[in-house]
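Visitor: Here is my input, please return the structure:
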Amino acid sequence: MDTVVQTLVNALMQSSFVALMAVGLVLIFGVMRVINFAHGEFYMAGAYVVFWLYAQHDLPFFAAVVAAMIIVGIIGLIIEQLLFKPMRENPLGGLIMSIGVLFILQVLAAVTFGVGLMKHIPPLYPGATPLFGMDGVSVPWQRLVAFGIAVLLLIGFWLFLKRTRLGWALRACAQDREAAALQGMSINRLALIAMGLGAGLAGAAGAIMAPLVRVYPYIGGPVIVTAFIVIVVGGIGSLEGAVLAAVLYTFFHTFVATYLDGTIASILGLLLMLLVLIVRPAGLLGKGEKV
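Guide: Numbering: from 1, shown residues only. Have a look, this model is predicted:
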């Protein structure tokens, strides 16, 4: 029984981080129509910012997380203006460009921080707390901090999209760019904002997970694969679908990895995606392109 409860808790913690990655990817695709393969490298960049500021220069952890969001968001803005904007009407060119950005960011991280030993970042709050009065069920304090930050960011992002004029504009652009342009909305400006926000959320995900994982230049690879599976299962362009799929997929993967094997869990996760697409080609909550 303890193992089941512990696995449930672990899956819940992990799903918040996966959802944070997925919603940023959904926003970028919805507004820019770009399948951004470099999204995992934004996660990697956020982790390295925390390593450099928090572990190396003793900046407070929460300040380092905020800095990671801002710095990675700015990187996203620069990439959008210099690389993605000229490819606005060429989705295939944008896809190829994102793969190029992926390799560039990996090489920059390798040259700057090295490719030897993985970087270890000490947790802000070491130790763990027992849950439900069960000796075999506990959660590290640092993971609770990461979970809390991720949930707050997801709620803030949802409120921004649903309750603000700029959020409405982003959703309108994601649903129909031509109609949004006819209403006087600047597609270039909205694409820039979407890229900055999406990159910032990925940077935040990397920042909060940095003390919980080993940081190295290629850490974004497995993360982007998971994010793509989640947005496909949830319905490409659906924010709610991405969050729902993040929870379902993470619980499925965590239980299979716990009771069978991590490799088997990854294979079965891909099979689950194929099954969902066979039954519902648009995904769980996919209803066309929307955010």
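Visitor: Below-threshold pLDDT in this protein: ranges please.
Guide: 1, 132-135, 287-291 (pLDDT under 70).
Visitor: any idea which helix is longest in it?
Guide: In the chain, ranked by residue count with DSSP state H as the criterion, the top helix is helix 2-32.
Visitor: Would you indicate which residues of that helix are buried?
Guide: Buried residues in helix 2-32, counting neighbours by 16 or more other Cβ atoms under 10 Å, are found at 6-7, 9-11, 13-32. Glycine gets a C-beta too; all of them are placed from N, C-alpha and C.
Visitor: start to end distance for stretch 225-243?
Guide: 16 Å (Cα to Cα, to the nearest Å).
Visitor: Which secondary structure element is home to residue 138?
Guide: Per DSSP states H and E, residue 138 falls inside strand 134-140.
Visitor: quick one: buried residues of that strand?
Guide: Here strand 134-140 shows 137, 138, 139, 140 as buried, counting by 16+ other Cβ under 10 Å.
Visitor: repeat for stretch 206-223
Guide: 206-212, 215-217, 219-220, 223.
Visitor: With only the CA atoms kept, save that stretch in CSV.
Guide: Presented in CSV, the C-alpha positions along stretch 206-223 are these (Å, rounded to 0.1, in the frame of the first residue of the first chain):
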residue,chain,number,x,y,z
GLY,A,206,14.2,23.9,-15.7
ALA,A,207,14.9,26.3,-12.8
ILE,A,208,12.7,24.6,-10.3
MET,A,209,13.8,21.1,-11.3
ALA,A,210,17.5,21.9,-11.3
PRO,A,211,18.1,20.9,-7.7
LEU,A,212,16.2,17.6,-8.3
VAL,A,213,18.1,16.4,-11.4
ARG,A,214,21.6,16.3,-12.7
VAL,A,215,22.2,19.3,-15.1
TYR,A,216,24.0,18.7,-18.3
PRO,A,217,23.8,20.2,-21.9
TYR,A,218,21.6,17.5,-23.3
ILE,A,219,19.1,17.4,-20.5
GLY,A,220,16.3,18.8,-22.7
GLY,A,221,16.1,15.8,-25.0
PRO,A,222,13.9,13.5,-22.9
VAL,A,223,11.9,16.5,-21.7
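Visitor: Excluding sequence neighbours, find me the nearest residue to the residue nearest the centre of the chain.
Guide: Among the residues of the chain, the one closest to the centroid is residue 21, at 1.1 Å (Cα atoms, centre = their mean). In space, and not counting its chain neighbours, residue 21 is closest to residue 227: 4.5 Å by Cβ to Cβ, 6 or more residues apart in numbering.
Visitor: what angle do the helix or strand where that neighbour lies and helix 2-32 make?
Guide: Residue 227 belongs to helix 220-234 when assigned by DSSP H and E. Counting by axes from the mean of the first three to the mean of the last three Cα atoms, to 10 degrees, helix 220-234 lies at 80 degrees to helix 2-32.
Visitor: just checking, what packs against helix 220-234?
Guide: helix 2-32, helix 39-50, helix 239-259, helix 262-279 (3 or more Cβ pairs under 8 Å, 6 or more residues apart in numbering; DSSP states H and E).
Visitor: For the following helix or strand past the shortest one, buried residues please.
Guide: Tracing the chain past helix 39-50, the next element assigned as helix or strand by DSSP H and E is helix 61-79. Along helix 61-79, the positions that meet the burial threshold by neighbour count (16+ other Cβ under 10 Å) are 61, 64-65, 67-69, 71-73, 75-77, 79.
Visitor: circling back: got the buried residues for the helix holding residue 227?
Guide: So, applying 16+ other Cβ under 10 Å, buried residues of helix 220-234: 220, 223, 224, 226, 227, 228, 229, 230, 231, 232, 233, 234.
Visitor: go on, stretch 151-164?
Guide: So stretch 151-164, judged by 16+ other Cβ under 10 Å, has buried residues 153, 154, 157, 161.
Visitor: so can I have JSON lines of the buried residues of helix 61-79 showing distance to residue 190?
Guide: Shown next, in JSON lines, are these (distance: Cβ to Cβ, whole Å):
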{"residue": "61", "distance to residue 190": "33"}
{"residue": "64", "distance to residue 190": "29"}
{"residue": "65", "distance to residue 190": "26"}
{"residue": "67", "distance to residue 190": "25"}
{"residue": "68", "distance to residue 190": "24"}
{"residue": "69", "distance to residue 190": "20"}
{"residue": "71", "distance to residue 190": "22"}
{"residue": "72", "distance to residue 190": "19"}
{"residue": "73", "distance to residue 190": "15"}
{"residue": "75", "distance to residue 190": "19"}
{"residue": "76", "distance to residue 190": "14"}
{"residue": "77", "distance to residue 190": "13"}
{"residue": "79", "distance to residue 190": "16"}
